[in-house]
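**Student:** 3D model of this:
(2 chains)
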Amino acid sequence: MALAGRRDAPEPPDFGILKRLARDQLVYLLEQLPGKKDLFIEADLMSPLDRIANVSILKQHDVDKLYKVETRPGPGASDQFCFLVRPRVRTMRFIADVTCDEWSFYLLPLDEDIISMELPEFFRDYFLEGDHRWINPVARALQLLNSLYGPFGKSYGIGRCAKMSYELWRDLEEESDTEGQGRKPEIGHVFLMDRDTDYVTALCSQVVYEGLVDDTFRIKCGSVDFGPDVTSSDKSIKVLLNSQDKVFSQIRNEHFSSVFGFLSQKSRNLQAQYDRRRGMDIKQMKDFVSQELKGLKQEHRLLSLHIGACESIMKKKTKQDFQETIKAEHSLLEGFDIRESTSFIEEHIDRQVSPVESLRLMCLLSITENGLVPKDYRSLKTQYLQSYGPEHLLTFHNLKRIGLLTEQAAGETLTAVESKVSKLVTDRAAGKITDAFNSLARKSNFRAISKKLGLIPRLDGEYDLKMPRDMAYVFGGAYVPLSCKIIEQVLERRGWQGLEEVVRLLNGNEFCVSDSAVEDNPAWECQRVILAVFLGGCTFSEIAALRFLGKERGCKFIFLTTAITNSARMMEAMIEAKA
Amino acid sequence: MTRVRADEEEYWHSSKFRAFTFDDEDDELSQLKESKRAVNSLRDIVDDDDDDLERVSWSGEPVGSISWSIKETASGSTSSLDGRDSSLQKGSSSYAALPKQASSYSLSSLFKGRNKLSSFQSLSDALSDTGVKNYAPELRRPKAEYKDYSGDWSPKDTVRRMQRGKVCSLERFRSLQDKLVLLDEAVAGHDGNVITAVLIFLKRTLRREILFRELEVRQVALCHLIHFLRETGEQKFLLDLLRFLDRTEEVALSQYREHLNIQDVEKRREFLKGCIGLPFSAEDTSHIQDHYTLLERQIIIEANDRHLEMAGQSELFRKYPRKASILNMPLVTTLFYSCFYHYTEAEGMFSSPTNLKKTFKIPDKQYVLTALAARAKLRAWGDVDALLTTKNWLGYTKKKAPIGFHRVVEILQRNNAPVQVLQEYVRLVEDVETRLNLATKYKCHDVVIETYRDLKDRIQLTAYKCKVERGSAEEEKIHSILSNVQIRWKN
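**Tutor:** Numbers count the residues shown, from 1 in each chain, chains lettered A, B, ... in the order given. As a prediction, this is how the structure comes out:
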C-alpha cells in the first residue's frame, strides 16, 4: 500500500526527561529535610509516583516508611513527616500546620506520545463548577514543554478554557528569559481544545482495542489490572500497557474485529518458531536458548495475556447486548430511528442494566438531539430514579448544568435568567458571564456540525475496518470523531479560515496565533510534530484516530491531556456520590 | 513507531474483510480459543523459570513499587524499608518503561545549571540550550522574609505574585473599591486558586450583603465562592448566598443533598419529610415525595421481614435468606424484592407488589419485567405463565408481553428455565429471524422445525437433522414433515 510522496511521521521527542526532572525535583525536596522521615502520599498520587520513582530511590533519601494520607503513623515512626498531596481544600485542612514546598510534578509521560497531568477532577471542577483552579498548572505545563521541546511556532485552540490557559501561559512566558530563541525546536505546533467542544466522541462506546480495554478493565496511569478471568490463574497481574509491549503496540489502535485474527496469526508464528527446536543440534540449541528464547518467552507471556483479555471482553460484551447498544448509538449519531433508540434506552433503564451506561445513553441522545423532548425527559428521568435511586435527582441537576442532559424548549426560562444577569452586568464585568451560564445556554448543534464537517461517512459498500480509509474506523466506520476532525481541518487550513460556520456552531472562542519570534523553517521536522492538548480529558479512541491521521499525513501527534477519560469516567464525575 | 514485520503486514493486508459483530459468540470466540490453545501448548516449554519476569505480589502490584509498599505498611508490617532491600532492585527494573538511572547523587549542583553526569545527557542538552535555566523547585523562605512584602504591590502585581506561588499580604486593600479591583484582576488572571484566595479575604472583610451584591455581577468569582463553600461544607453561608441570588431550586437541592450524610434511617426519613416543602419544581417535588414514601415503606417492610426471618417460620425466607436489607434501595429493587418474597399478598399490604405498583404508578412494562425476573428466579413457571396471559372479552386467553417475547426468553433463559417452558415463549417471538436464532441457540428443536416448515425451507430443515438426536421424536418429526407431499417447498 505504497502511497506516493507519503512521508514517514517524525519520531516523538524523548519525554523521559520529564520523568527524570520530576524525580530529581522530588529528591531535591527530600534532601531539604535531612535525616529519617516518613512519607505520606495522597491516594491518587501513588500510581503516578510509581511511574517516576520507586522504593529504593526514596530509601536512598532517608525515607523510612510510606503511608497513605488518611492512615495514622504506626508506633516508632520517625519524627519527621513529609506529605505529598495535591493542593486541595480538603487535604490541606487535614494536614494543618506545616511548611509547604511546591513540587511541580505536572506531567507524567504515560507513553512515547502521551503525557498526562493525572487530573481527573479537572473535568468536574472546570466544566461543572466553573472553577479555574487547574488553569495555572496547565499553563505551567505548557511553559515547561515549551522550554524543553519548543519554542512552539504556532498555537491553535478552541474553547474558553483553552483560551485562558493560552493567555496565562503567554503571560508566564513573557517574564521568563527568552533564551530558547534560535534553538531548533522538537515540537512545532500546539493545539488546545476544551472537552466541551466535543462531548459526543467521549460518550461513544469504544471499539479500538486500547479503548475497549480501558472501558472494560480501566487503565490506570498506563497500567491495567488483569484479573483471574484474564490470566487464567488465581491471581491478578498488573500490566504496563505501552509501546514497549510488542504485542500490544501492534493491536492497540486496531478495531477490535481485526485483533482476533492478528493474535491467532501471531500465536501460529510463535508456535512455528518454537517448533524449529526439533531439528536442532546441540550448538544450534545453545544459540537458540541464549539468543531467542528470552524474547519468545516474553512474547508468549504477552500473547496469552492479550488473548485472555480479548476473551474476557468478548464474554462481558456479549452479555451486555453490546451489539444492540452500538446499533442504537449509531442511530443516534446518524439521527434516524430516534423513537426506537429512545425505547431502547428506556428498556435499558427498566432492566437496571447499569446506572452509568443508562446515563451515558441518555446523554448521547440529548447531545445529538439538542436536548430531549420534555415528555421524554420527564419519563426517562422518572424511570431512572425508580430504577437506580431517587438521590440521582442531584445527578440530573448536575447534567443539566453542564449541558450534557437537557430538556428542549427549556430555552425560555434560560433566557429569562440570562437577561436578568445581563441587565445586572456592568460594562466592566461584561464578557465575564460564567461558563456555567454559557454551558446551560449553549446548544450542542451536533447535527448541524456533523453535516458541515461530514462526520458520518457515506457508505458505499462495506467499511473495511482492517484497511481504514478515514478516522471513522475507530467507531466501526460509523462516525469520524468531531474533536479529531476539527484538528485535522484546522491544521490543513493552517487556521480557522473557511470554518466560520462550524466555529459559530461550536460557540466560538477559537484562536490561532503565530509566534513571530520563532523561526519558521518548513524544512524542520518539528513542523510535523503537533502537541494536542485536551482540557478535560481525552479518550483512547481519539488518540487512535489522531495516530491514524498522523500516519496518513506524515506527522506526529503528541497528546497532553488533563487525564485519560472515557464515557464512564465522565458520567461518574457527574454522579452525586454518597458522602 | 514500531515497524510491522512482514508476516504481520501480510495479515493486515491480506485476509478478506468480513463483518464482525459482538453477537457471533461462537464464531469469533472459536478463533480466539484456537489461538489460546496454540499459546497454551507452549506453556510447558516456557514456564520452567520465571526469572526474567517482574516480581508481582499477591495483590498484583509489582514488588518494590510504591503502591505495594504502602499496602505493606497499611497491613501492619512493622519492618521498615531496609528489610526488603533484596527484592527491590530487580522487582521494579522491568516495571519502568524507560531506562532508569540510580539517583543517589546530590542534585543541588545539577539545578544550579551544571552537571557532569553522563546519564543526564539529554537533560543537560536541554539545559544548555536554554542557558542556565533553573529547574529547581523554589523553596519556602523564612516567614520573616514575607513581612516586608505587604508593601506597594498594585492589584495586578499582587495577583501576578500570587499566581507564581508567592505569599502576599492582602490587608492593604482596605476600601471596597480596592478590593473589587483586586478581585477583578484575579479573575482576569485566570488562576482559580488566586480567585479563591481573594474571595476568602473578601468574605472575611466584607459585609455579607455587599459581598453577595458584588458577586452577582461577577459570575466567575461567584462560581468559585460557591464551589469553595461546598468543599468546606459551609452550608449555612452557601444557602444564604443562593437565597440572595434567588436560586431557589439550588437552595432546595443543596438542602436535599444533606440526606446523603444521614445514616440513621429514622432520622433520614424525618429529614426527607422536611424536604417535601422545599421550593423544588413541581416535577421534582413529586420525586421527593416518592423518595419519602419509599423509605417509609421500606422501614415497615424491613421491620416485618427481619422479624419473619428471625422467627424462621417462613419457608421462603429459610430457603432464600436475604442478602441485604431493603432499606435505601431503589424502587425497582424494592418491587423485585416484594415480587420475590411477597408476591401473593393482598393489595392492602404495604409489602405487596400491587400496592407498590399503585402507590408509585409503576408502568405496566416495568412491572412485568420486574415481576417476571423475580418469579423466574424462584422458578415459579406457573406465575410466569399467568403474568403473560390475558383474557379478552370473549373469554379467550392469549399470551401478551409488553416487553417483547425475546426479552421474556432472555430472562427465563438466564434463570435456567427448562426447554419445555422456554420453547413456549420462543414460539411467540414475532420476528422470524430472531425466533430462529433463539430457538437454535437454546435448542428448542420443535420451534426450529416448525419454523422451517412454515418457511417451506426444505434445505435448512434437512440440514437441521444433524442437530437433533438419532432416533429422537424430533428426528421423527423432521422425517414426517419432509415426506409430507402436501407441502410445496420453496427449494
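**Student:** Just give me the neighbour total for the residue of the stretch 251-400 of chain B found nearest chain A.
**Tutor:** The stretch 251-400 of chain B approaches chain A most closely through B:His291 (3.8 Å), counting by C-beta to the nearest C-beta. (C-beta placed from N, C-alpha, C; glycine too.) Counted by other C-beta atoms under 10 Å in any protein chain shown, the residues lying close to B:His291 total 23.
**Student:** And it, how close does it get to B:Leu260?
**Tutor:** According to C-beta to C-beta, to the nearest Å, B:His291 stands 12 Å off from B:Leu260.
**Student:** ok, now B:Gly348?
**Tutor:** 33 Å.
**Student:** Looking only at neighbour counts, state which of these two leads.
**Tutor:** Shown here are B:Gly348 and B:Leu260; by other C-beta under 10 Å, B:Leu260 has more neighbours (14 against 8).
**Student:** Need the pLDDT of the spatially closest residue to A:Ser444 that is not a sequence neighbour.
**Tutor:** Among residues not flanking A:Ser444 along the chain, A:Ile367 sits closest, at 4.7 Å (C-beta to C-beta, 6 or more residues apart in numbering or on different chains). What the model reports for A:Ile367 is a pLDDT of 94.
**Student:** which SS class is A:Ile367?
**Tutor:** helix (DSSP: H, G, I helix; E, B strand; the rest coil).
**Student:** Contact partners for the residue most central in space within chain B?
**Tutor:** Computing the C-alpha centroid of chain B and ranking residues by C-alpha atoms, centre = their mean puts B:Pro330 first, at 16.1 Å. B:Pro330 sits next to A:352, A:385-390 when contact means C-beta atoms under 8 Å, 6 or more residues apart in numbering or on different chains.
**Student:** among those, which two are most distant?
**Tutor:** Spatial extent of the contacts of B:Pro330 (C-beta to C-beta) is set by the pair A:Gln352 and A:Pro390 at 14.4 Å.
**Student:** My read is that A:Arg86 contacts A:Leu45, right?
**Tutor:** Yes: A:Arg86 is in contact with A:Leu45 according to C-beta atoms under 8 Å; the separation is 6.9 Å.
**Student:** From the chain's centre, how far out is the longest helix that chain B contains? Work that out for me.
**Tutor:** Of all the segments of type helix in chain B, defined by DSSP state H, the longest one is helix B:282-311. Helix B:282-311 has its C-alpha centroid displaced from the chain centroid by 25 Å (C-alpha atoms, centre = their mean, to the nearest Å).
**Student:** next one: stretch A:100-117
**Tutor:** The answer for stretch A:100-117 is 14 Å, by C-alpha atoms, centre = their mean.
**Student:** now stretch B:228-244
**Tutor:** Averaging C-alpha positions (C-alpha atoms, centre = their mean) puts stretch B:228-244 29 Å from its chain's average.
**Student:** what's it in contact with?
**Tutor:** Here stretch B:228-244 makes contact (C-beta under 8 Å, 6+ apart) with A:88-90, A:93, A:129, B:196, B:199-200, B:208-209, B:212, B:215-216, B:225-226, B:248, B:250-251, B:254-255, B:258.
**Student:** Please say which of A:Gln352 and A:Pro390 ends up with more neighbours.
**Tutor:** Legend: neighbour count by other C-beta under 10 Å for A:Gln352 and A:Pro390, higher for A:Pro390 (23 against 18).
**Student:** Over to A:Gly157: give its phi and psi.
**Tutor:** phi -170, psi 160 (degrees, to the nearest 10).
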